[in-house]
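Colleague: Sequence and computational prediction follow.
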Amino acid sequence: MLMTVTDRAKEQLKSIPDDKMLQLSFDRGSCDIVNTLYEMKVVPKRDPADYEKILEVEKLSILVDHDFEEAYDHELTIDFANNFFVFKNKNQTFNNRIGLRYV
């Protein structure tokens, strides 16, 4: 997967401790899967479950579901604007109001 994190997003994520990672999980109850990711969770680092994997991007460990890449056509940019994270690729903006929550 081609995943990038912009400088604005990196600035917001730089305070994540080394013993934590980001978790990006879909809301499986929605019919529009790519637009239902409304928050990124900061969770303790752990091994992935059978249905998950860890992506290493821009010195960040990101825990995702196995089908995460397919949902975003194998390309995702994480940006930050107007106090929210923005998920987009070269073709569209998927969600422009994603929050960050420490668990």
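Modeller: Received it, and whenever you're ready, just let me know what you need. Please read these numbers as outputs of a predicted model, since none were measured by experiment.

Colleague: Burial check on the nearest residue to residue 102 once chain neighbours are set aside, number of neighbours?
Modeller: Excluding its sequence neighbours, the residue lying closest to residue 102 (Cβ to Cβ, 6 or more residues apart in numbering) is residue 42, at 4.6 Å. Using the backbone N, CA and C atoms, a C-beta is placed for each residue, glycine as well. Residues within reach of residue 42, counting by other Cβ atoms under 10 Å, total 16.

Colleague: beta partners for residue 42?
Modeller: residue 22, residue 102 (DSSP bridges).

Colleague: shouldn't it be in contact with residue 62?
Modeller: No. With contacts counted by Cβ atoms under 8 Å, residue 42 stays clear of residue 62, the gap being 10.8 Å.

Colleague: Flag every buried residue along stretch 82-100.
Modeller: 84, 85, 86, 87, 88, 89, 94, 95, 98, 100 (16 or more other Cβ atoms under 10 Å).

Colleague: what's the offset of that stretch from the middle of its chain?
Modeller: 10 Å (Cα atoms, centre = their mean, to the nearest Å).

Colleague: Go ahead and name everything in contact with it.
Modeller: 9, 12-13, 34-35, 37-40, 42, 72-73, 75-81 (Cβ atoms under 8 Å, 6 or more residues apart in numbering).

Colleague: Quick check: next helix or strand after the helix or strand bottoming out on mean pLDDT in the chain?
Modeller: Taking mean pLDDT, DSSP states H and E as the measure, the helix or strand of the chain with the lowest value is helix 68-71, at a mean of 84. Sequence order places strand 75-81 as the next helix or strand after helix 68-71, per DSSP states H and E.

Colleague: what is the mean pLDDT for whichever helix or strand comes after that next one?
Modeller: As assigned by DSSP H and E, the chain's next helix or strand after strand 75-81 is strand 84-88. Per-region confidence: strand 84-88 scores 94 on mean pLDDT.

Colleague: Out of the buried residues of stretch 82-100, which is nearest to residue 55?
Modeller: In terms of Cβ to Cβ, no member of the buried residues of stretch 82-100 lies closer to residue 55 than residue 87, at 13.9 Å.
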